[in-house]
Structure formats: C-alpha cells, structure tokens
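**Q** Coordinates for the following, if possible.
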Amino acid sequence: MRLVIALLALIAAPLAAQNAMPAAPYAYTQLDDPALEAQATELMETLRCLKCQSQSINDSDAPMAGDMRHQVRARLLAGESPEQIRSWLITRYGDYVSYQPEMSATTWPLFAIPLVLVALVGLALLGRLRRRADAGDAGDMGDAA
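**A** Next comes the predicted model:
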C-alpha cells in the first residue's frame, strides 16, 4: 500500500508543479506602449490556443495561451515584426496555431478539398438534370406516336 501511495505521489508531483508555476511576465500584463499593445492584440486574435482550440490566445485563460501571449509581447518589445512572430509560432507549433493558414505543402488540402467537393456536387447535379431532361424527351416522343 505504501508503494502505491509513493508511486502516485511521484506521478502527481510534476503535475502539481506545472500548475503552481507563476505566469510569464507578459501573460496578463499589457505593454506600456499603446501602439505595440495594439499590434500584439491584433496578432493574438489571429492565433489559436492549442489547448482550448476554439479560442484565440487573446481570449483564452489557459496557461499555454498565457505563455504564447508573453512570447508575442516580449518579441514585439525585442523589435520583431508581427509577421516574424507569426512565422516563429507556426514553426514552433505548426500551421494549426494560425486562424489564417497560408498555402503550403501541409495546408494545401484545406484549400483544395472544398473546391473538389463543390465540383463533384456540381457534376452530380448536372448529370441528374441531364437524365431528367432525357427522360422528359423520351416521354414526349411516346405521346407523339
């Protein structure tokens, strides 16, 4: 029984430590420069929280989103442009982090599949309309005889 409790304590300790860590300095603190903060906010609205997935990092309360907000603000203060920061985050977390994915080798299906589906539905409708028209013409010929 003591062994089980000791093992559970070993497993739980890292989890408790992870949640006990203080937030990054710029996770919940806005920048003093209003122009830089506006750039940060605009960029953070276009980046997805990887934990919440349905919220931007600007709206999420998840610790990971706080760390990402800190990175955005700290990198803006260091002189990086919003596009450089976006590229760094995409490189680090993948294309999924951006609400505005760019066409690349990994994201082209996101752009191509809807077009293919629309084309297939259009072809199916066109074929159905032609069959109806052909069936209507065949019925007209039977009436003439």
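**Q** tally of neighbours for the nearest residue to residue 56 once chain neighbours are set aside?
**A** Nearest residue to residue 56, sequence neighbours excluded (Cβ to Cβ, 6 or more residues apart in numbering): residue 45, at 5.0 Å. Just so you know, the C-beta spots here come from the backbone N, C-alpha and C atoms, and that holds for glycine as well. Residue 45: 12 surrounding residues under other Cβ atoms under 10 Å.
**Q** Kindly report the same for residue 50.
**A** 17.
**Q** show me the contacts for it.
**A** By Cβ atoms under 8 Å, 6 or more residues apart in numbering, the contact set of residue 50 is 64, 93, 96, 97.
**Q** circling back: I figured the residue nearest to residue 56 hits residue 69, correct?
**A** No. At 11.2 Å, residue 45 and residue 69 do not qualify as touching, with contact defined as Cβ atoms under 8 Å.
**Q** So what touches stretch 110-121?
**A** 101, 103.
**Q** circling back to that earlier point, of the contacts of residue 50, closest to residue 134?
**A** residue 96 (47.3 Å; Cβ to Cβ).
**Q** And the chain, what are its domain boundaries?
**A** As recorded under automatic domain parsing, the domains making up the chain are 13-102, 103-145.
**Q** Need the winner for burial among those.
**A** domain 13-102 (a mean of 15; mean count of other Cβ atoms under 10 Å).
**Q** As JSON lines, the contacts of residue 50 with pLDDT and secondary structure would be great.
**A** Putting these into JSON lines (pLDDT from 0 to 100; DSSP: H, G, I helix; E, B strand; the rest coil) gives the following:
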{"residue": "64", "pLDDT": "90", "secondary structure": "helix"}
{"residue": "93", "pLDDT": "90", "secondary structure": "helix"}
{"residue": "96", "pLDDT": "85", "secondary structure": "helix"}
{"residue": "97", "pLDDT": "90", "secondary structure": "helix"}
